[in-house]
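Trainee: Below are the sequence and a predicted model; questions follow.
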Amino acid sequence: MARVRDRDVAAFEAVYDAYHRLVHGIALKMLADPMAAEDLTQAVFLKVWTAPDAFRDGNFGAWISRVTRNRALDTLRSRALRAEGEIPVDIPVEEALDDAVFALLDGERVRSALATLPEEQRYPIELGFFGGVTHEEIARRTATPLGTVKTRIRAGLRKLRTNLETAVAR
Amino acid sequence: MSVHPDMLDSVAMLALGVLPEDEARSVAEHLGDCAECSAEYADLRVAANAVGFSAELTEAEFGGAEGARLKARVMDAVRASGSPKVVPLPSREARGRARGPWLAYGAAAAALILAVVSSANYAVLRGKVDSDAAAVARANALAVQVANLVGPGAKHFAVSGGEVVTSGGHVYLAIRDLAAPAPGKVYQAWTQRTGSKAMAPSVTFSPDPSGVTIIELPQSAAGLTAVAVSVEPAGGSLAPTSTPTFVRPLS
């Protein structure tokens, strides 16, 4: 990214090659619209190019994954198909995304780790991340009390972290 | 044993990003005052961030012609967007004498040609051809933009105070007498593509001191169905936050 900050197009192209399938995959899954997903992918990478300082440190994959999700939430918001309050926000909290786990993550490892979660934990986590809905909407869609949804998501995230640590340690 | 398990559950919701705005801000503020919740957030945020990786497409799912086409589109946009290219037009007085926008474009083209010639002569005189070649190239690129605007293949779509112009796959906004945006605000262009209901963000810009700008958008004209402009906070927005200055279908 230091070379991207120096306006090195070749360096940017290497970043694109490494992360475009992650960005486009998230966009496609959240928007369910190939054309809109392409627009969003372009917008995310243009942001990387025009405002590289937005990424400060830590793991770039984790950062661009969140940037993509947040842009997709904005797109869902602009479609105005749902009330504003039904679409969550992702509040930036000072955090270090340089956890060693991320250095060895890829789609296959995460899919495998998610698959080991009980359905009652995995589904609300995936619906929350990719569905662009609030916890209350998750509770409504799964016909589950809100408190139970919260407890299951928390337990699922904790188990997912453990699974990922085990997977990358092998 | 935690003293506030309910808050820890909410911290997990914040980590996954599924809280409505008010609640998210409240929980985020709490993190600054509670070491236990802050540690829980750090732990669970790693797992939540990893969820996105599960959507990563494989080479088989997104490669070949489809992947190459998107990459070409992104790289084209990147190469075109070092920064918005603003071509200053002649003074307001000179524009007042012009009989239409294309006379103004012609005056701008003439000014650019003079700039190219001056730069080239200066380069020769100083014997620093290499360093000035970049300036000549930039001036040439601007001249190409103006040539595109007035070329026979250009299509003109009128908007209040100007035009949207497509030419040779490029898209331009050419607007006169655009009021300066309020402090902390900028103008932002938006594009809509065939099959998409949403407006995608494009470049931000401000008019020159005389209220005139010609801006090339980084997006390709191919497949564009509409162009819009709105006033947005400095830095731009991901979706329009104000009533657009105009929305112009390209048909």
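Mentor: Sure thing, it's come through. Numbering: from 1, shown residues only, chains lettered A, B, ... in the order given.

Trainee: From now on I want contacts and neighbour counts done on CA atoms only, so please keep to that.
Mentor: Will do.

Trainee: Against chain A, how distant is the closest residue to B:Tyr172 other than its chain neighbours?
Mentor: Distances taken as Cα to Cα, 6 or more residues apart in numbering or on different chains place B:Glu216 nearest to B:Tyr172, at 4.4 Å, with adjacent residues excluded. B:Glu216 is 15 Å from chain A, where distance means Cα to the nearest Cα, to the nearest Å.

Trainee: mind checking which helix or strand B:Glu216 is in?
Mentor: B:Glu216 is part of strand B:213-217, with elements assigned from DSSP states H and E.

Trainee: in its sheet, what does that strand sit against?
Mentor: Here strand B:213-217 has these sheet partners by DSSP bridges: strand B:85-86 (antiparallel), strand B:170-175 (antiparallel).

Trainee: Just the C-alpha atoms of it, please, in PDB.
Mentor: Only the C-alpha atoms of strand B:213-217 are listed here, as PDB (Å, rounded to 0.1, in the frame of the first residue of the first chain):
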ATOM      1  CA  THR B 213     -15.900  23.500 -14.900                       C
ATOM      2  CA  ILE B 214     -15.500  20.800 -17.500                       C
ATOM      3  CA  ILE B 215     -14.900  17.500 -15.800                       C
ATOM      4  CA  GLU B 216     -14.200  14.100 -17.200                       C
ATOM      5  CA  LEU B 217     -15.800  11.300 -15.200                       C
END
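
Trainee: in its sheet, what does whichever helix or strand comes after it sit against?
Mentor: Next in sequence after strand B:213-217, counting helices and strands by DSSP H and E, comes strand B:224-233. With DSSP bridges as the test, strand B:224-233 is paired with strand B:185-193 (antiparallel), strand B:246-249 (antiparallel).

Trainee: Could you export these as TSV, including mean pLDDT, distance to A:Pro88 and mean neighbour count?
Mentor: Formatted as TSV, the strands paired with strand B:224-233 follow (pLDDT from 0 to 100; distance: least, Cα to Cα, whole Å; neighbours: other Cα atoms under 10 Å in any protein chain shown):
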stretch	mean pLDDT	distance to A:Pro88	mean neighbour count
strand B:185-193	85	24	22
strand B:246-249	87	28	16
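
Trainee: now these in TSV, with distance to B:Val46?
Mentor: Formatted as TSV, these follow (distance: least, Cα to Cα, whole Å):
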stretch	distance to B:Val46
strand B:185-193	34
strand B:246-249	41
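
Trainee: Can you check which of those strands gets nearest to B:Ala234?
Mentor: Distance to B:Ala234, taken as Cα to Cα, is lowest for strand B:185-193 among those, at 4.8 Å.

Trainee: So which residues make contact with that closest one?
Mentor: Residues outside strand B:185-193 that contact it (Cα atoms under 8 Å, 6 or more residues apart in numbering or on different chains) are A:35, B:181, B:198-206, B:217, B:219, B:223-237.

Trainee: Could you export the helix or strand following it as PDB, CA atoms only?
Mentor: Later in the chain than strand B:185-193, the nearest helix or strand by DSSP H and E is strand B:200-205. The C-alpha coordinates for strand B:200-205 follow below in PDB (Å, rounded to 0.1, in the frame of the first residue of the first chain):
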ATOM      1  CA  ALA B 200     -23.000   4.800  -8.200                       C
ATOM      2  CA  PRO B 201     -20.700   7.500  -6.700                       C
ATOM      3  CA  SER B 202     -18.300   9.200  -9.100                       C
ATOM      4  CA  VAL B 203     -15.900  12.100  -8.600                       C
ATOM      5  CA  THR B 204     -16.300  15.200  -6.400                       C
ATOM      6  CA  PHE B 205     -15.500  18.600  -7.800                       C
END
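
Trainee: Strand B:200-205 pairs with which strands, and in what direction?
Mentor: strand B:185-193 (antiparallel).

Trainee: The helix or strand hosting B:Gly67 and chain A, any residue contact?
Mentor: Secondary structure assignment for B:Gly67, by DSSP H and E: helix B:64-80. Yes: applying Cα under 8 Å from any Cα of the partner chain, one finds helix B:64-80 touching chain A at B:Leu70, B:Arg73, B:Val74, B:Met75, B:Ala77, B:Val78, B:Arg79.

Trainee: Tell me, domain by domain, which residues of chain A belong where.
Mentor: Domain assignment of chain A by automatic domain parsing yields the ranges A:1-96, A:99-170.

Trainee: any idea of the mean pLDDT for the last one?
Mentor: What domain A:99-170 shows for mean pLDDT is 90.

Trainee: and that domain with chain B, contact?
Mentor: Yes: Domain A:99-170 lies within reach of chain B by Cα under 8 Å from any Cα, at A:99, A:102, A:105-111, A:114, A:125-126, A:128-130, A:132-135, A:150-151, A:153-154, A:157-158, A:160-161, A:164.

Trainee: quick one on the thing from earlier: from the strands paired with strand B:213-217, which stretch is densest packed?
Mentor: Mean neighbour count, computed with mean count of other Cα atoms under 10 Å in any protein chain shown, is highest for strand B:170-175 among these, reaching a mean of 23.

Trainee: I'd like to know how many residues surround B:Ser230.
Mentor: Residues near B:Ser230, counting by other Cα atoms under 10 Å in any protein chain shown, number 20.

Trainee: Could you do B:Asn49 as well?
Mentor: Neighbours of B:Asn49 under the rule other Cα under 10 Å: 22.

Trainee: ok, and it, which helix or strand is that part of?
Mentor: According to DSSP H and E, B:Asn49 maps onto helix B:35-51.

Trainee: Ok, B:Val165 next?
Mentor: Assigned by DSSP H and E, B:Val165 falls in strand B:162-167.
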